[in-house]
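Visitor: Give me coordinates for this.
(one chain, ligands or ions: 2)
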Amino acid sequence: MSSTETQTQTYTHIELRSAQGPTFRQVSTAPPRPATEDEIPVIDLGPINGNLEARKGLAAKIRAAAENTGFFYIKNHGISEELIQDALSQAKRFFDQPASQKEKLSSQKYDHTVGYSGVGWAQANRTESKGRGNPEMTGSDTSYYALHDSIWENVSHLQGFRDVTIAFWQRRLELARKLVQIFALALDLPETYFDDITTHPGADGLYIHYPGTPDADKVTDFDVGIGSHTDIQCFTLLWQDMSGGLQVLSASGEWLNAHPIPGTIVVNIADFLSRLSNNRFKSTVHRVYNRQKTSRYSMPFFFGFNPDSTCAVVPTCVDDEHPPLYDPISCGKWHRTRLAMSRDPKVVMR
Ligand SMILES: O=C(O)CCC(=O)C(=O)O
Ligand SMILES: [Fe+2]
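Guide: Ligands and ions are numbered 1, 2, ... in the order given. As a prediction, this is how the structure comes out:
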C-alpha cells in the first residue's frame, strides 16, 4: 500500500466480548473487499483420507490459514450435497411455520442452550444493533436433544426433520473429528493428541434464517444480522447459502467478504483452540449482514472438546520465549461461562 493510501485509510474501533470482558479492535472503515486466495484459501480436503505424508501436507496448508486469517473454505469434505440440501429444506420448513409453533421449542425453556430463538434475540455484539436482517435460529447439540424429548415432539409433524437433522449432525461430527487430527498435526503434535477429548465433544448444530429486508435499499450500517464476534469453542464448520453477507476481519483490520463458494464449507478457528495454541491460531472476528429482499440461510456446526476435560496450552506452543498465556480450563466451563457472560455482563470467567 502506498503512503497516500495509508493516509486516506481511516480506522474505528469495535468492542468485542472476551473472557476478560470487553476488548477493542482497530478496524478499517473501508467497505468490505473481496478476500485474496491467501487471506481465505480454498483447501482441498481430499488428502485427509490419504497416507500420513498427505495428511501432513494438508496440515501445513491448514496451519498457514489458521495462523493468518483463521478462516478457510474446505472442498471435497465428504458430506454429500444431497444431505446438505435435505437439511436446508428441513430448516426452511421449520422456519416457514407460524411463530406460535416455533415458540413451542423456545430456548427460554431450555436455559438458552437448546431450541428456538426468534428474530431480535441474537445480539452477538453489545454495541451493534438488532436491526433489519436480524435472524431467527434453532438447534444446538443434537445428542443433547435426546434429553429433551419435548423438542422432537414439537417437530414430529415435520416429516424427516429429526432423521435429516441427526444425519447431518453425525456427518459433521465425523468430519470434525478427522479435522481435529489435522489440527493436531498442524500444531506439531501427534495426530491422535486430541482424540481422548473428542469422545463426547461439544457439537452444536444450528439452523439460521435471516429474513429478507424488504427495504434493502434503505439499510444503514446498523442493520446487522449477527454482529461482530468470535466463536467460542474450537472451530466452526459453516454452510452458507448463495446470498453472501458473511464478513471476516483480516489480520490487518480490514473487512473481507467471505463470499459463498458452491460445494464448500467454511471453517473458522474459535476462541478455545486459539487459547490452547497460545494465540498461534487466530480466532477470527466475523459478522453477517443480509441486505437483500430474500431470506438467507446458514447451518453452522460448533465443535468443542469434551466439556468436562481440562485442557492446557499445548506443549508445542510453549517455550522459554513463549510462556503459556492461559491457565488450564475445560471447554465446557469455558463455553458455559462465555454464554452466561453474553447474557449478563456481571458474570466473570474464573
Ligand atoms: O450465518 C452465518 O453465516 C454465520 C453465523 C455465525 O457466525 C454464528 O452463528 O456464529
Ligand atoms: Fe460465528
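Visitor: What's opposite the residue in the chain that ligand 1 sits nearest to in the beta bridge?
Guide: Going by Cβ to the nearest ligand atom, ligand 1 is nearest to Ser298 of the chain, at 3.3 Å. All C-beta atoms are positioned from the backbone trio N, CA, C, and that covers glycine. Beta-bridge partners of Ser298, counted by DSSP bridges, are Ile208, Gln240.
Visitor: these two touch, right, it and Ile226?
Guide: No: contact status for Ser298 versus Ile226: not in contact, 9.3 Å apart, counting by Cβ atoms under 8 Å.
Visitor: overlap in contacts of these two?
Guide: By Cβ atoms under 8 Å, 6 or more residues apart in numbering, Ser298 and Ile226 have these common neighbours: 208, 288.
Visitor: picking that back up, check what pLDDT the residue of the chain closest to ligand 1 gets.
Guide: In this model, Ser298 is scored at 95, pLDDT.
Visitor: Tally up the residues packed near the nearest residue to Met299 once chain neighbours are set aside, please.
Guide: When the adjacent residues along the chain are set aside, Met299 lies closest to Trp239, with 4.4 Å between them (Cβ to Cβ, 6 or more residues apart in numbering). Trp239: 20 surrounding residues under other Cβ atoms under 10 Å.
Visitor: got it, and Ala184?
Guide: 19.
Visitor: Confirm that it sits in a helix.
Guide: Yes: assigned with DSSP: H, G, I helix; E, B strand; the rest coil, Ala184 falls within a helix.
Visitor: what sits against the residue nearest to Met299?
Guide: Going by Cβ under 8 Å, 6+ apart, the list of residues near Trp239 reads 84, 88, 265-266, 298-300.
Visitor: Just the buried subset of those residues, written out for ChimeraX, thanks.
Guide: Applying 16 or more other Cβ atoms under 10 Å to the contacts of Trp239, the buried members can be selected in ChimeraX as follows:
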select :84,88,265,266,298,299,300
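Visitor: Quick check: the farthest pair among the contacts of Trp239?
Guide: Spanning the widest gap among the contacts of Trp239 are Leu88 and Val266, at 15.3 Å by Cβ to Cβ.
Visitor: okay, now the closest residue to Trp255 other than its chain neighbours: neighbour count?
Guide: Nearest residue to Trp255, sequence neighbours excluded (Cβ to Cβ, 6+ apart): Pro32, at 3.9 Å. Neighbourhood size, Pro32 [other Cβ under 10 Å]: 20.
Visitor: Pro32: what's it in contact with?
Guide: 247, 254-257.
Visitor: Let me see the confidence value for it.
Guide: 92.
Visitor: So, low pLDDT: which residues of this structure?
Guide: Residues of the chain meeting the criterion pLDDT under 70: 1-7, 110-113, 120-124, 126-133, 140-148, 216, 219-223.
Visitor: any chance you could map the helices in it?
Guide: In the chain, the helices defined using DSSP state H lie at 3-8, 52-68, 81-95, 99-102, 142-145, 149-153, 161-186, 271-276, 331-343.
Visitor: Please tell me how far Asn268 sits from Ile232.
Guide: Asn268 is 12 Å from Ile232, where distance means Cβ to Cβ, to the nearest Å.
Visitor: Compute the number of surrounding residues for Asp320.
Guide: When neighbours are counted by other Cβ under 10 Å, Asp320 comes out with 5.
Visitor: re earlier: and of the helices of the chain, who's closest to Gln108?
Guide: helix 331-343 (11.2 Å).
Visitor: Which neighbouring elements make contact with the closest one?
Guide: Judged by 3 or more Cβ pairs under 8 Å, 6 or more residues apart in numbering; DSSP states H and E, helix 331-343 is in contact with helix 271-276.
Visitor: again, only this time at 10 Å
Guide: Helix 331-343 sits against helix 271-276, strand 310-311, with contacts defined as 3 or more Cβ pairs under 10 Å, 6 or more residues apart in numbering; DSSP states H and E.
Visitor: okay, now Thr316: neighbour count?
Guide: The burial count for Thr316: 14, using other Cβ under 10 Å.
Visitor: So it sits against Tyr193, correct?
Guide: Yes: the criterion here is Cβ atoms under 10 Å, and Thr316 meets it with Tyr193 at 9.2 Å.
Visitor: thinking again about what came up before, give the residues shared as contacts by Asn268 and Ile232.
Guide: Common contacts of Asn268 and Ile232 (Cβ atoms under 10 Å, 6 or more residues apart in numbering): Ser283.
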